[in-house]
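Asks: Generate coordinates for the sequence data below:
(one chain, ligands or ions: 2)
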Amino acid sequence: MGVVVVAAGSGTRLGAERPKAFVELAGVTILEHALRGVLAARPGEVVVVVPRELVDEARSIVAGLDLSGARAVVVPGGAKRSESVSAGLAALSDRVERVLVHDAARCLTPVAVFERVLAALAAGVAGAVPGVAVVDTVKVVDAGGLIVDTPLRESLRAVQTPQGFVRSVLTAAHAAGAAATDDAALVEALGHDVLVVEGDHRALKVTTPDDLARAERLLTASP
Ligand SMILES: Nc1ccn([C@@H]2O[C@H](COP(=O)(O)OP(=O)(O)OP(=O)(O)O)[C@@H](O)[C@H]2O)c(=O)n1
Ligand SMILES: C[C@](O)(CO)[C@H](O)COP(=O)(O)O
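Replies: Ligands and ions are numbered 1, 2, ... in the order given. Next comes the predicted model:
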């Protein structure tokens, strides 16, 4: 199993002085927290995708980790998340048949979430993603803000990462070149089944300064 960790975003909404994955959380970079979580899932390969100017720094971070025999490479990403995922996929070795795509920004994701996604893939689905039930009522609005639909809340899930796929399916989905905010949407667009498994509130995406503070609190509360 291979994992593509996308960490090449700039972190505009966080507003820090450094790209988000290189911002520290309790004295350790977000990237390092994320990689420790990924390595707990025992991948055979890890591809870390970072801003071009930070490739050397990311290699130093990776060199300081216990890889337990995993092949690890660092490659530069692109301007959009999907471009960074594509760059990561291209750097996996031919041996990898199943791949997880994980946001470095979801740096506190428990290993149990990785395991649930991997178990679903092992059971034979083309894709599996973690998701949590939404607590708000969600509205679909038009360009003027008028509500055009209120989807049944029980049918909604807020999805997280790692998102897992049969590697050939995800590669084909990216090659199709559609725009989407996650990898599952690209795979769904090709007509493949993607299963939602249980996510976890600790898999939050560090996006804003408030999220960073929440992540700090979660870390302090962890055993
Ligand atoms: N060109 C990009 C954009 C995003 N990402 C990664 O995709 C994940 C989810 O993206 P997001 O949280 O939106 O990160 P940023 O794009 O950095 O944030 P912002 O939109 O606030 O700039 C992050 O781990 C981010 O590093 C990436 O690898 N390459
Ligand atoms: C992939 C993702 O984390 C699933 O929730 C999310 O869609 C990423 O969105 P972003 O705007 O790139 O942070």
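Asks: all strands of this structure, in order?
Replies: Using DSSP state E, the strands of the chain run over 2-6, 24-25, 28-29, 45-50, 71-76, 98-103, 127-133, 140-141, 147-149, 157-159, 163-166, 194-198.
Asks: Within the sheet, what are the partner strands of the second one, with directions?
Replies: Partner strands for strand 24-25, per DSSP bridges, with pairing direction: strand 28-29 (antiparallel).
Asks: Closest residue of this structure to ligand 1?
Replies: Gly9 (2.0 Å; Cβ to the nearest ligand atom). From N, CA and C alone the C-beta is placed, and that goes for glycine too.
Asks: In this structure that residue contacts Ala105, no?
Replies: Yes - the criterion here is Cβ atoms under 8 Å, and Gly9 meets it with Ala105 at 7.1 Å.
Asks: Could you name every residue contacting both of those two?
Replies: Lys20, Ala21 (Cβ atoms under 8 Å, 6 or more residues apart in numbering).
Asks: Tell me where this protein has helices.
Replies: 30-40, 55-63, 81-90, 111-122, 167-175, 183-189, 209-221 (DSSP state H).
Asks: Next, the angle helix 30-40 makes with the longest one.
Replies: To tie it back to what came earlier, the one meant is helix 209-221. 50 degrees (axes from the mean of the first three to the mean of the last three Cα atoms, to 10 degrees).
Asks: So for helix 209-221, mean pLDDT?
Replies: Averaging pLDDT along helix 209-221 gives 95.
Asks: Also the first one?
Replies: In this model, helix 30-40 has an average pLDDT of 98.
Asks: what's the neighbour count on Asp149?
Replies: Burial of Asp149 is recorded as 9 neighbouring residues (other Cβ atoms under 10 Å).
Asks: any idea how far it lies from ligand 2?
Replies: 20 Å (Cβ to the nearest ligand atom, to the nearest Å).
Asks: circling back: want to throw the strands of the chain into CSV with distance to His174?
Replies: Formatted as CSV, the strands of the chain follow (distance: least, Cβ to Cβ, whole Å):
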stretch, distance to His174
strand 2-6, 11
strand 24-25, 30
strand 28-29, 27
strand 45-50, 13
strand 71-76, 15
strand 98-103, 10
strand 127-133, 13
strand 140-141, 27
strand 147-149, 29
strand 157-159, 18
strand 163-166, 10
strand 194-198, 15
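Asks: Out of the ones you listed, which one sits most buried?
Replies: strand 2-6 (a mean of 28; mean count of other Cβ atoms under 10 Å).
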